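Sequence plus predicted model, see below.
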Amino acid sequence: MNIYPSSMNVLKLKAVPNENPKGNVKRETVDLGNGSSVVYIQRLIPSDQSWKWFQYLDKHIPWTRPTIRVCGNSFLQPRETCYVATPGLTELTYSGYQPHAYSWDDYPPLKDMLEAVHNALPGSSFNSLLLNRYNSGNEYVGWHSDDEKLYGPTPEIASLTFGCERDFVLKKKPCKKSCGMILLLLELYYTCSICVFFPVHVTTLVVDPYVSVHELVIICFGSSDGSDEPASKRLKKGSHDVVQHTFRLKHGSLLVMRGYTQRDWIHSVPKRAKAEGKRINLTFRRVF
Ligand SMILES: O=C(O)CCC(=O)C(=O)O
Ligand SMILES: [Fe+2]
């Protein structure tokens with residue numbers, strides 16, 4: 001089965017610069033096609049304000065490194081996290097972990113950050129926030145999409161970054177038509193944690209809370225290019241044709257995923273040996 005087309009190109013998408021209505025903050029929009037798009041504002045929050053907020057978050061947020069369960073195995077999440085939400089919303093659960101929902105009033109500066117994001121995105125209304133702290137380039141978030149039901153079919157997710165610059169990579173999910181049935185079956189097996197039929201190299205790759213079923217499909221079944229190398233190796237070497245886009249997320253930047261981005265794309269912040277500093281990322285979401 002061909003998950004990806006056979007050539008080795010990484011197809012990059014074009015960013016179109018545009019101005020916001022007030023004309024004072026530059027933003028670029030990347031049309032991912034089929035109703036998905038990303039907006040990137042490199043300098044939303046001035047540097048000195050961003051450092052003040054970074055210091056506040058670093059010191060006052062009750063960071064935890066949860067143990068999460070994937071395929072029946074327990075792993076320490078490869079970054080620290082905290083969750084904030086308006087009371088009364090449906091609770092968030094991922095990888096068998098249900099974070100405690102702190103209130104916005106517990107950490108008042110979060111309300112200023114929310115306001116800055118709302119001002120940049122007229123018409124948006126976020127009511128929950130997932131915070132991540134990456135203490136070094138060794139910490140990361142693996143391939144996933146934030147497609148939990150509680151966010152609805154076309155979630156808008158606004159991602160504010162402070163501190164060390166890191167790459168944020170978006171990659172198109174494998175074809176749906178030919179893989180639909182396999183995805184469904186894997187989703188079932190995955191959800192039920194019945195993963196015994198996966199080869200060992202599959203389960204050893206699964207170390208992230210958001211491991212994508214689509215990644216498992218690629219790893220398990222690979223492409224039909226005649227290679228007898230394990231598919232996991234081929235995936236790591238990037239020997240597939242991949243449509244992807246990389247954003248270097250700057251201190252004080254805002255990246256917004258819109259439309260069907262969670263349905264049709266996966267994203268990650270990969271390990272980077274050269275990234276030495278700490279990075280704090282806030283993803284604002286709306287729970288329906
Ligand atoms: O740290 C980031 O930029 C992304 C975090 C993320 O994807 C998530 O929390 O779902
Ligand atoms: Fe995400």
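On my side now, so go ahead. Ligands and ions are numbered 1, 2, ... in the order given.

and the stretch 101-250 of the chain, which residues reach ligand 1?
Residues of the stretch 101-250 of the chain found near ligand 1 (Cβ under 6 Å from any ligand atom) are L130, N132, V141, D146, S159, F168, L249. All C-beta atoms are positioned from the backbone trio N, CA, C, and that covers glycine.

same thing but at 5 Å, please
Proximity of the stretch 101-250 of the chain to ligand 1 (Cβ under 5 Å from any ligand atom) is limited to residues L130, N132, V141, D146.

Name the surrounding residues that touch the longest helix along the chain.
Across the chain, the longest stretch assigned as helix under DSSP state H is helix 47-60. Under the criterion Cβ atoms under 8 Å, 6 or more residues apart in numbering, residues 45, 107, 109, 112-113, 131, 133, 162-163, 251-252, 278, 280, 282 lie in contact with helix 47-60.

The residue in the chain that ligand 1 sits nearest to: neighbouring residues, count only.
The nearest approach of the chain to ligand 1 comes at N281, 3.4 Å away (Cβ to the nearest ligand atom). Neighbour count of N281, defined by other Cβ atoms under 10 Å: 22.

Which secondary structure elements does the helix or strand just after the longest helix of the chain sit against?
Using DSSP states H and E, the helix or strand that follows helix 47-60 towards the C-terminus is strand 67-70. If contacts are counted by 3 or more Cβ pairs under 8 Å, 6 or more residues apart in numbering; DSSP states H and E, strand 67-70 sits against strand 73-76.

Name the next helix or strand following the strand it packs on along the chain.
strand 80-85.

between that following strand and helix 47-60, how many degrees?
Put simply, strand 80-85 runs at 100 degrees to helix 47-60, going by axes from the mean of the first three to the mean of the last three Cα atoms, to 10 degrees.

And the helices in the stretch 1-150 of the chain, which stretches?
With DSSP state H, counting those that start in this stretch as the criterion, the stretch 1-150 of the chain has helices at 47-60, 109-120.

To P270, which of these lies closest?
The closest of those to P270 is helix 47-60. By Cβ to Cβ, the value is 21.5 Å.

for that closest one, which positions count as buried?
For helix 47-60, the neighbour count (16 or more other Cβ atoms under 10 Å) marks S50, W53, F54, Y56, L57 as buried.

Most neighbours among the contacts of helix 47-60, which one?
Busiest of the contacts of helix 47-60 [other Cβ under 10 Å] is F162, holding 28 neighbours.

Report the separation between that one and P87.
26 Å (Cβ to Cβ, to the nearest Å).

Look up phi and psi at the nearest residue to C164 once chain neighbours are set aside.
Distances taken as Cβ to Cβ, 6 or more residues apart in numbering place G277 nearest to C164, at 3.4 Å, with adjacent residues excluded. Per-residue torsions, G277: phi -80, psi 180 (degrees, to the nearest 10).

thinking again about what came up before, format the buried residues of helix 47-60 as JSON lines; extra columns: distance to ligand 1 and pLDDT.
Formatted as JSON lines, the buried residues of helix 47-60 follow (distance: Cβ to the nearest ligand atom, whole Å; pLDDT from 0 to 100):
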{"residue": "S50", "distance to ligand 1": "15", "pLDDT": "98"}
{"residue": "W53", "distance to ligand 1": "15", "pLDDT": "98"}
{"residue": "F54", "distance to ligand 1": "14", "pLDDT": "98"}
{"residue": "Y56", "distance to ligand 1": "18", "pLDDT": "98"}
{"residue": "L57", "distance to ligand 1": "13", "pLDDT": "98"}
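
End to end on stretch 39-50, go ahead and measure it.
19 Å (Cα to Cα, to the nearest Å).

Give the bridge partners for G163, please.
Using DSSP bridges, the beta-bridge partners of G163 come out as R279.

who are the neighbours in contact with it?
For G163, the contacting residues are F54, H251, G277, K278, R279, I280, by Cβ under 8 Å, 6+ apart.

circling back to that earlier point, secondary structure element holding the residue of the chain closest to ligand 1?
strand 279-285.
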